[in-house]
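[1] have a look at this prediction, sequence included:
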Amino acid sequence: AQSVAQPEDQVNVAEGNPLTVKCTYSVSGNPYLFWYVQYPNRGLQFLLKYITGDNLVKGSYGFEAEFNKSQTSFHLKKPSALVSDSALYFCAVSQTEQNAGGTSYGKLTFGQGTILTVHP
Amino acid sequence: NAGVTQTPKFRILKIGQSMTLQCTQDMNHNYMYWYRQDPGMGLKLIYYSVGAGITDKGEVPNGYNVSRSTTEDFPLRLELAAPSQTSVYFCASSVQGRLGGTQYFGPGTRLLVL
């Protein structure tokens, strides 16, 4: 069974400093990895995903993530944090799931989330 | 293009009451999903649908029902509300359910069962 771990419940950084939000995964086969962001009282917004190819994936709002197969990690990064980046961040992994009727779909399994707080 | 919309935004139910959470998407996506989000937890899949007329259970389906009569709509029904169903519910859709397909989420419905 696939799983995702976000080892830090909370990350605090000063505005202008680089930020990293950590994610490790466990999946059989090739992983398909996602980062989503959730602002207060809002739904999840897609940031970026890794399917194949370059290990450094660039996404929305200046975020990027580095896929490391040997460490089974997919850490989210940004070179210079903004106060407006403060939000809840979710890492997710997708793997094929098949229902009883034989229909396949890409099941998303989410980590528990990391609260990012950027201080002025 | 509104994306995925959900109603209501917030609702308080008494134990044993029933209600339907509405979800509509205007992106012509075949796949739709219902998740619940509990504090300190990731999202858990309740039900999903691969197209009109086809639905299936996710990880936590007990206490819920769904239907999919059109491509656009995917309502979630709570028949006998219980305090354990207090949560935030998110609907999502994707153009197809293939591996690596991006899911797009609605703004959520906050439900409190007392």
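    Looks like it came in fine.
[2] flag the shaky bits of chain A, pLDDT-wise.
    A:96-105 (pLDDT under 70).
[3] which residues in it form helices?
    For chain A, applying DSSP state H gives no helices.
[4] mind naming the longest strand for it?
    Ranked by number of residues, the top strand in chain A under DSSP state E is strand A:87-98.
[5] does anything pack onto that strand? Which helices or strands?
    strand A:3-5, strand A:32-38, strand A:73-78, strand A:104-110, strand A:114-119 (3 or more CB pairs under 8 Å, 6 or more residues apart in numbering or on different chains; DSSP states H and E). From N, CA and C alone the C-beta is placed, and that goes for glycine too.
[6] ok, what's across the strand from the residue nearest the centre of chain B?
    With distances taken as CA atoms, centre = their mean, the residue of chain B nearest its centroid is B:W34 (2.8 Å). B:W34 has these beta-bridge partners by DSSP bridges: B:Y47, B:C91.
[7] mind pulling up the pLDDT for it?
    Per-residue pLDDT puts B:W34 at 96.
[8] could you double-check that it sits in contact with B:C91?
    Yes - counting by CB atoms under 8 Å, B:C91 is a contact partner of B:W34 at 5.8 Å.
[9] shared neighbours of these two, anything?
    Counting by CB atoms under 8 Å, 6 or more residues apart in numbering or on different chains, the contacts common to B:W34 and B:C91 are B:L21, B:C23, B:F74, B:L76.
[10] among the residues you listed, who's most crowded?
    B:F74 (29 neighbours; other CB atoms under 10 Å in any protein chain shown).
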